[in-house]
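K.L.:
Just a sequence and a predicted model for now, questions to come.
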Number of protein chains: 2
Amino acid sequence: MLVTGTEVLTGIISDRNGPWLSERLRELGVDLARIVVVGDRPADLLDALAQMAASGLALIVTSGGLGPTADDLTAAVVASFAGRELLLDASLESRIEQITASVSERWPEADREALRLATRKQAMVPEGATVLSPRGTAPGLVVPPADGAGGPTVVVLPGPPSELQPMWGEAVGTAAFKAAISGATVYRREIVRLYGLPEAEIAATLRSAAQAGLSLDALEITTCLRRGEIEVSTRFEPGAQADYDTLLAFLAARHGARLFSRDGRTIDEQVASLLLAGGETIAAAESCTGGLLAARLTERPGASAYLVGGAVVYSNAAKAAVLGVDSGLIAQHGAVSPEVALAMARGARERFECTVGVGITGVAGPAGGTVDKPVGMVCFAVVQGAVSSLGGLRSLIRTERLAGGRAAVRDRSTTVAMHLIAALLHGERD
Amino acid sequence: MLVTGTEVLTGIISDRNGPWLSERLRELGVDLARIVVVGDRPADLLDALAQMAASGLALIVTSGGLGPTADDLTAAVVASFAGRELLLDASLESRIEQITASVSERWPEADREALRLATRKQAMVPEGATVLSPRGTAPGLVVPPADGAGGPTVVVLPGPPSELQPMWGEAVGTAAFKAAISGATVYRREIVRLYGLPEAEIAATLRSAAQAGLSLDALEITTCLRRGEIEVSTRFEPGAQADYDTLLAFLAARHGARLFSRDGRTIDEQVASLLLAGGETIAAAESCTGGLLAARLTERPGASAYLVGGAVVYSNAAKAAVLGVDSGLIAQHGAVSPEVALAMARGARERFECTVGVGITGVAGPAGGTVDKPVGMVCFAVVQGAVSSLGGLRSLIRTERLAGGRAAVRDRSTTVAMHLIAALLHGERD
C-alpha cells in the first residue's frame, strides 16, 4: 500500500486509509506486505513504486494525490510507472462537470475557469486503465501493467476516506484487480479482548500454552494495549482453525471473565446490546471527560434507542444547578470523590428520567493534582433502577489511577466507564 | 521512519507515532524521506532496514516491538542489522524490576515468573548502544552502525505514544544521534488555514499567483481538506522566506477573512484565546454531536477557565426537561430546526449561568433523514450576553448541509460550531 501526501508524511494529518484498506485486503485473503508513506514529490512516488515492483508484489494500492491542486500528481506518476500514456477522457470530464455544477451552486462566487481547469486535470486517465466513478470530484483508477510487460497492477484511490471507501467495491470488481490477486493465500483473523490485567500476563499465558504442548506455530499472534484493554489478534490459514480453537479455550480457562470478548466484539457493541436487550435508557454525567463518554455512547447509529442525554458539569456550580449535586457533599469530600461521582450518576438518572446513570469525576491534568488526588485519579459510579424508583438503586462505584497525559486519562476513563456499565448490566453489585 | 507492528499493518490500530515523530524531525531540520509500516516478522523488519540503508538514509527511527511478548523483537533485529551482539544489561534489568514492582502492587495476583522473564527480555541491549530510560517498562535505544562499518544510526523507541514521546528528547541528546543528523538541511514550515471555500479555489489562487509572476519554485506547497477546513502547508529553506511572505500577502488579499489563520493557529486555539480575552464563559447544548463539542472545548488544559458545562439532549423530553426548550416549538418546527437550535443555545446559557451558549441539532444519519431535512443537515446557534441579562442577546444562527457519513457529519459539525463561536466573539451579528 502506497500512501501519498506530504500532509501525511509531515505529520499534519494521520493516515486513516491504510488501516481501512488493510482490513478490506484481509477480507479478500490478501496478505499485506507493507505500507509506505511518501510525500508529493514525483521522484519519491516513482521510487516507491519501483521498489515495490522489485519486491515482486502483485498489487499496489495508492491513496491520495488525485485532487485539483498542482501537488496532486499520482495519476501522472502511475501512468509513467506502468508505461501508459495519460489521455483526456472526454466522457469522464463531462461527468465531473456535472458533479462540480452542484459545487458551483453552493459556492456561487467560485472562479469558473479554475473549476474548468480542475475538472480537466482530474479527467486525465492512463491509456487502458479502468476508471472508478468519482464520489467527490476525483475518479479512481485500476491500472494494469503495460501489455506483456508484467509487474504489479496499481489501484489508484483518492485520499479522503469518504471518497475512497465507497470506491473500493468497484475496484475489487474489475478484471485487472481479480487477475492480480488470483492465487492469494486466504487468511483468517480472530480477535479476543481482555480487560483488567497487565500485558505481561498475556506473554506469560502464551508461554504457558507453549509449555502445555499447544501447537502455536501456525498461529501469528499479536497483542497490543488499546484504550486500556488488551487485544489479542491471531492470523492463520484455515487449516489451523483447530489450533486456534484450542488456544481460545486455554485463554478462557486461564483468564475467565477478564476475557470479556471471545468474538472480537468491542465493549461498545456489548454495552449497546445489553442496553437494548434490557430495555434500559442511559444518561451520563461527566466532569473530566467533558462529553467524551456521551460522544462514545452516541457514536453508533441508532443510539437514540437508549441514550437519553448527558451533562458535562465542569464547574461545581453546574454540578449543583444541573444535576442537583449537594454543594455540601462537594465541600466535604471534594469534587473528585466517589461520593460526588455517585451523586452525579444519581442526578443524571433522575434529571434525564432514565434507568441507568453514569458519573465520572477526576483529575485529567496536567494541572490540578494533589498528593491525595494525583493527576490520573478518576472516580466512577453507575446506578440502575426503574425510572420512577427513588431508592433501592443498584450501583457500582470505582476509583482508578490512570496512567498517561490528559488525552490518555480522558480516553481511558471512557473505557473504564463502559466496562462498569457492562458489569452492572451483567448483574454485578457493590 | 520504520513503524513495526502487525496491529498497525493489519489495521487494528492506526499509527500515531509517525506524524508526531515527523513533526519533531522537522523541528530539527531533518527531512523525512518515508514512513514504512511492516508487521512483526523478523525478515520483513530486516528487509525494510536494509532497503533504507541502501537508499543512503542517515537516520532510521523505529517505533514498536519492545514489549514483553514474544512478537516484540525489534531490539534483536536491529542488533543483527547493526552487526552488534545482544547482551543483558544488569543495571537496566534492576531498573525495570523497580518499575514492575509498582505493577506487582497494582496487580497483586500477577504471575511473578512471567514478570521476571518479561523484565529480562526487555533488558537485552545491543553492544555499544545507548539506553534511553524506560517510561513504561520498555527502554529505548540509540544504535550506531558497527565501528567502521558505516550505515545509518537506528533510534529504537517503544510503540505507546505515552512512552515514546517523553523519550525523544533523550534520544536527540545522544552523541550518535547528533552525529547522524549533522549536515541535515534546515527547513521551515508555515501553515495557514482557510474556512468557507472549496479546495479548487486554492488551486486557482496558486495558479493566479504563478501567473502574477510570484516566485513559487522554492516553496513546496501542499493543500489538504481537514475537518471541513483547508490547510495550506509550505515548506522551504530559510533563503526563500521572502518568496513565502509574498505568497502569504497574495493569499490574504485574495481570500480576506476566509484566511482565518495566518500563523497556523487552529480555530480551537483562537476560540480559547477569544473566550479568555473577553472573560467569557461557555456552555454547549448538543443533540447530533452527542458531546463532541464539549469534548473538543475541554481538550485543552485549563479549559475550566471558560467551559462551564454542556448538555447532551438526544431526546425531545431531555431538551425540554434539562434546557427548558418549549415542546410546542419542537412540535411546530421539528427538533432539527434553527428555532430549536436557538432555544437550545439560550437554554444552555441560562441553565449553566454563563455568557455564551451554543446549540447544535441535526441529522447525523444514516437513518432519520427526510426530503426536507436530509442526512447531513445541521442547525447551529450561538448566543452571547451578560449572565444576568434576560433579553438583548447577540446571536448567530446557521443551517448547513454537511457531506459524508455519520462520523464525518458529527466531526464537521463541531468545526462549524467553533467558527460560529469565533465569528460571534469577533463581533459578527445576524
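P.N.:
Now that the structure is in, tell me what you want to look at.
K.L.:
Can you list the buried residues in the lengthiest helix in chain A?
P.N.:
Ranked by number of residues, the top helix in chain A under DSSP state H is helix A:406-425. The neighbour-count check on helix A:406-425 (16 or more other C-beta atoms under 10 Å in any protein chain shown) flags A:406, A:408-425 as buried. C-betas here are computed from N, CA, C, even on glycine.
K.L.:
Spell out the secondary structure type for A:L274.
P.N.:
Assigned with DSSP: H, G, I helix; E, B strand; the rest coil, A:L274 falls in the helix class.
K.L.:
hang on, the earlier thing: list the helices and strands the longest helix of chain A packs on?
P.N.:
helix A:267-277, helix A:292-297, strand A:356-362, strand A:377-384, strand A:394-401 (3 or more C-beta pairs under 8 Å, 6 or more residues apart in numbering or on different chains; DSSP states H and E).
K.L.:
right, and these - which one's nearest B:G278?
P.N.:
Counting by C-beta to C-beta, B:G278 lies closest to helix A:292-297 out of the helices and strands packed on helix A:406-425; the figure is 26.5 Å.
K.L.:
anything in the closest one sitting right up against chain B?
P.N.:
Yes. Interface with chain B: helix A:292-297 contributes A:292-295, A:297 (C-beta under 8 Å from any C-beta of the partner chain).
K.L.:
Next, the residues that contact that helix from outside, please.
P.N.:
Helix A:292-297 is contacted from outside by A:268, A:271, A:282, A:284, A:286, A:303, A:306-307, A:309-310, A:312, A:358, A:360, A:410-411, A:413-414, A:417-418, B:289-292, B:294-295, B:312, B:410, using C-beta atoms under 8 Å, 6 or more residues apart in numbering or on different chains.
K.L.:
swap the cut-off to 6 Å and go again
P.N.:
Outside of helix A:292-297, the residues within contact range by C-beta atoms under 6 Å, 6 or more residues apart in numbering or on different chains are A:284, A:286, A:307, A:310, A:410, A:414, A:417, B:290-292, B:295, B:312.
K.L.:
C-terminal to that helix, what's the next element?
P.N.:
Next helix or strand after helix A:292-297 toward the C-terminus (DSSP states H and E): strand A:307-313.
K.L.:
Pull the distance from that following strand to the chain's centre.
P.N.:
23 Å (C-alpha atoms, centre = their mean, to the nearest Å).
K.L.:
could you give the angle of it to strand A:356-362?
P.N.:
30 degrees (axes from the mean of the first three to the mean of the last three C-alpha atoms, to 10 degrees).
K.L.:
Surely A:L141 touches A:A129?
P.N.:
Yes. Counting by C-beta atoms under 6 Å, A:L141 touches A:A129, with 4.7 Å between them.
K.L.:
how does chain A divide up, domain by domain?
P.N.:
If you go by automatic domain parsing, the domain ranges for chain A are A:2-181, A:188-261, A:267-425.
K.L.:
Now the terminal residues of the longest one, how far apart.
P.N.:
With C-alpha to C-alpha, to the nearest Å as the measure, the ends of domain A:2-181 fall 17 Å from one another.
K.L.:
if you look at stretch A:217-232, does any of it touch chain B?
P.N.:
Yes. Legend: contact between stretch A:217-232 and chain B by C-beta under 6 Å from any C-beta of the partner chain is shown at A:222-224, A:226.
K.L.:
quick one: average pLDDT of that stretch?
P.N.:
Taken as a whole, stretch A:217-232 has a mean pLDDT of 87.
K.L.:
ditto for stretch A:311-331
P.N.:
Mean predicted confidence for stretch A:311-331 is 94.
K.L.:
for stretch A:19-39, same thing?
P.N.:
pLDDT averaged over stretch A:19-39 gives 85.
K.L.:
try stretch A:188-199
P.N.:
So the average pLDDT for stretch A:188-199 ends up being 89.
K.L.:
For it, which outside residues touch it?
P.N.:
Counting by C-beta under 6 Å, 6+ apart, A:225, A:229-236, A:255, A:258-262, A:264, A:419, B:103, B:107 sit against stretch A:188-199.
K.L.:
go on, stretch A:304-323?
P.N.:
Against stretch A:304-323 from outside (C-beta under 6 Å, 6+ apart): A:275, A:281-287, A:290-291, A:294, A:297-298, A:325, A:327, A:330, A:335, A:344, A:347, A:351-352, A:354, B:291, B:294, B:304, B:307-315, B:318, B:352.
K.L.:
repeat for stretch A:243-253
P.N.:
A:209, A:214-215, A:218-219, A:234, A:236, A:259.
K.L.:
does A:G140 really touch A:L157, like I thought?
P.N.:
Yes. With contact defined as C-beta under 6 Å, A:G140 and A:L157 form a contacting pair (4.8 Å).
K.L.:
any idea how far stretch A:179-190 is from the chain center?
P.N.:
23 Å.
K.L.:
And for stretch A:263-272?
P.N.:
That offset, for stretch A:263-272, works out to 14 Å (C-alpha atoms, centre = their mean).
K.L.:
mind saving the C-alpha coords of it as PDB?
P.N.:
The C-alpha atoms that make up stretch A:263-272 are tabulated as PDB, following Å, rounded to 0.1, in the frame of the first residue of the first chain:
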ATOM      1  CA  ASP A 263     -15.600 -12.900  19.200                       C
ATOM      2  CA  GLY A 264     -13.900  -9.600  18.700                       C
ATOM      3  CA  ARG A 265     -17.000  -7.600  19.700                       C
ATOM      4  CA  THR A 266     -15.900  -4.400  21.400                       C
ATOM      5  CA  ILE A 267     -17.100  -3.200  24.800                       C
ATOM      6  CA  ASP A 268     -19.100  -0.500  22.900                       C
ATOM      7  CA  GLU A 269     -21.000  -3.200  21.000                       C
ATOM      8  CA  GLN A 270     -21.600  -5.200  24.200                       C
ATOM      9  CA  VAL A 271     -22.900  -2.200  26.100                       C
ATOM     10  CA  ALA A 272     -25.300  -1.200  23.200                       C
END
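K.L.:
mind listing what's buried in that stretch?
P.N.:
A:266-268, A:270-272.
K.L.:
could I get those as CSV with pLDDT and distance to B:R24?
P.N.:
As requested, the buried residues of stretch A:263-272 are exported to CSV (pLDDT from 0 to 100; distance: C-beta to C-beta, whole Å):
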residue, pLDDT, distance to B:R24
A:T266, 95, 32
A:I267, 97, 33
A:D268, 97, 33
A:Q270, 97, 38
A:V271, 98, 37
A:A272, 97, 39
